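Colleague: quick one: sequence plus predicted model below, questions after.
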Amino acid sequence: MKKINIAITGCMGRMGQQIIKSAKLSKNFKVVSLTESNEINKRINGIKIDVNNENAFKKANLIIDFTVPKCTLEVLKIASKLKKRVVVGTTGFTKKEDYLIKRFSKKIPILKAGNMSLGINLLMYLTEIASGSLSKNFLSKVFEIHHKHKKDYPSGTALMLGRGIATGKNKSFYTLIGKKFLNKKSFPYGNKINFNSIRRGEIIGEHEVKFSSGKEIITLNHEAFDRALYSEGALSAASWLMKKKPGLYSMRDMMNFR
């Protein structure tokens with residue numbers, strides 16, 4: 001089997017470093033390009049770190065991007081010009097930025113996910129089912145814990161789960177976003193979806209969705225113990241995306257959830 005040539009953006013970040021490790025252990029991938037948004041005079045595994053530009057991505061069949069929204073949009077602009085596939089693991093996009101990503105997907109195949117874990121994507125699927133099955137008497141909230149270095153909150157995964165609640169109710173996620181708490185010991189249910197984020201230690205990731213009627217509580221949760229599960233998920237997504245036509249895909253599409 002011919003190896004897939006990949007470019008990894010944000011290569012100095014936590015996920016960038018983990019994807020490099022996982023790709024090196026895989027027989028299916030060859031890292032041909034590593035980039036950062038700013039120039040860095042350094043090499044990783046013999047590959048010089050480049051800035052995001054057309055020349056950096058020419059030899060790649062696919063780009064894996066775990067950066068920040070502004071950088072991701074720059075990468076997608078270059079990728080659409082070169083007709084390169086892109087796996088996007090970046091989080092924190094605005095509604096306008098999501099719209100721009102959809103426009104790029106008309107030219108190239110893009111798989112975008114707030115979390116590349118197969119388990120988390122199963123959790124989202126179950127969240128949709130629970131939300132759609134429960135009566136209007138049930139209120140919901142989302143809780144998450146990440147390491148102290150994570151800057152954004154709620155996490156992309158927490159927002160993804162919130163979107164799952166909205167989808168189950170057949171409502172717009174943006175109209176159901178409630179309050180966003182940081183480092184609170186407890187937080188309330190609401191008519192909208194409230195979020196609480198904890199940032200401490202080196203915790204890789206814990207996510208929890210709760211539904212309450214006031215008489216009973218239903219809890220769905222997931223804990224991550226190894227960051228490799230995200231990079232391996234991203235590489236699985238990359239393999240799957242290689243066979244797809246232009247369009248915007250998700251891990252749910254890859255896992256064939258109906």
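Modeller: Sure thing, it's come through. Residues are numbered from 1 along each chain as shown.
Colleague: isn't Asp65 right up against Glu74?
Modeller: No. Contact criterion CB atoms under 8 Å: Asp65 and Glu74 do not qualify, at 9.8 Å. Backbone N, C-alpha and C define where each C-beta goes, glycine included.
Colleague: compare the two and say which one has the larger neighbour count.
Modeller: Taking neighbours as other CB atoms under 10 Å, Asp65 and Glu74 compare with Asp65 leading, 27 against 16.
Colleague: do a quick rundown of the strands in the stretch 151-258 of the chain.
Modeller: Secondary structure of the stretch 151-258 of the chain (DSSP state E, counting those that start in this stretch): strands at 177-182, 193-199, 205-212, 217-224, 247-249.
Colleague: any chance of the ones you listed in a markdown table with distance to Gly10, mean neighbour count and mean pLDDT as columns?
Modeller: Formatted as a markdown table, the strands of the stretch 151-258 of the chain follow (distance: least, CB to CB, whole Å; neighbours: other CB atoms under 10 Å; pLDDT from 0 to 100):
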| stretch | distance to Gly10 | mean neighbour count | mean pLDDT |
| --- | --- | --- | --- |
| strand 177-182 | 24 | 16 | 96 |
| strand 193-199 | 20 | 21 | 97 |
| strand 205-212 | 18 | 20 | 96 |
| strand 217-224 | 19 | 15 | 96 |
| strand 247-249 | 21 | 17 | 98 |
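Colleague: give me the residue at the spatial middle of this protein.
Modeller: Against the mean C-alpha coordinate of the chain, by CA atoms, centre = their mean, the closest residue is Gly114 at 2.3 Å.
Colleague: next, find the distance separating that residue from Glu54.
Modeller: 28 Å (CB to CB, to the nearest Å).
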